[in-house]
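Student: Prediction below, plus the sequence it came from.
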Amino acid sequence: MILIATMVYPGGSLFNKHSVGFDWSKNFISNLFAEKAVNGLDNPSRLWADTGMVFLALSFAVFFINFSKKIPDLGAAKVISYLGISSMAFTFLTVTPFHDIMITIASTLFLIAMFYITVFIFKSKLHVLKVLCSSYLLLFYYTLYLYGSGNYGSLPIMQKLTFASTIILILCLDYSTKKEDFDQAETPRPDL
């Protein structure tokens, strides 16, 4: 639905208020959520983008619930579940006029949940996911650095790269892991 929103976005960006359509290298995803496009026209992409964010947030919340059930440590499982779900509530609220503060809250909660997941991935034998999780966290931190520092030149591209990477990582974590991957059962060592 967010892809459809990009196709019906009338135009305008931070870099060129008179541009036509959605430019993947110049527009932010948040441009899709405004009542008016940056160029001043009514924004028909808003309904599509808002609906897309509802489904995205709900599906990620389901991921956090399901993934937390794979974690043997009850405390860590609760952190992953509660912070993951909370981050998705705040993620949806980024479509409101409170976008900037919602980004900060949602990102903080999301990164804590992902850090917990990464710790358990590192305790497992899932070596490819270790690389993916580490790379992903670095990418997300760098994107947040660009956002926080006001360095908007490459931010639209990094935002979409991080967005796509999040979806890919969540799918990999959901479909490539099972409860047994995180069981800490050690095989007894023979007495010497």
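Tutor: Sure, I can see it.

Student: need the helices for the chain, in chain order.
Tutor: 2-8, 45-68, 74-92, 99-123, 127-149, 155-176 (DSSP state H).

Student: what's the angle from the last one to helix 45-68?
Tutor: By that I understand helix 155-176. Inter-element angle recorded for helix 155-176 and helix 45-68: 40 degrees (by axes from the mean of the first three to the mean of the last three Cα atoms, to 10 degrees).

Student: check contacts around the nearest residue to Tyr141 once chain neighbours are set aside.
Tutor: The shortest distance from Tyr141 to any non-neighbouring residue, by Cβ to Cβ, 6 or more residues apart in numbering, is to Leu111 (7.7 Å). Yep, even glycine has a C-beta here, placed from its N, CA and C like the rest. By Cβ atoms under 8 Å, 6 or more residues apart in numbering, the residues touching Leu111 are Leu137, Phe140, Tyr141.

Student: Low-confidence regions, this protein specifically.
Tutor: Where the chain drops to pLDDT under 70, the residues are 184-192.

Student: Would you mind confirming that Gly21 makes contact with Ala5?
Tutor: No: when contacts are counted by Cβ atoms under 8 Å, Gly21 is not listed as touching Ala5 (11.6 Å).

Student: Compare those two (neighbour count), which wins?
Tutor: Ala5 (24 against 16; other Cβ atoms under 10 Å).

Student: what's the distance between that one and Ile65?
Tutor: As judged by Cβ to Cβ, to the nearest Å, Ala5 and Ile65 stand 27 Å apart.

Student: can you check Thr94 too?
Tutor: Thr94 is 21 Å from Ile65, by Cβ to Cβ.

Student: what about these two, which has more around it?
Tutor: Ranked by neighbour count (other Cβ under 10 Å), Thr94 and Ile65 place Thr94 first, with 20 against 15.

Student: Okay, the nearest residue to Val95 once chain neighbours are set aside and Gln159: tell me how far apart.
Tutor: Nearest residue to Val95, sequence neighbours excluded (Cβ to Cβ, 6+ apart): Phe33, at 4.2 Å. To Gln159, Phe33 is 13 Å away according to Cβ to Cβ.

Student: Over to Asn16?
Tutor: 17 Å.

Student: Between these two, which is the more surrounded one?
Tutor: For Asn16 versus Gln159, the count of surrounding residues by other Cβ under 10 Å is larger for Gln159: 19 against 14.
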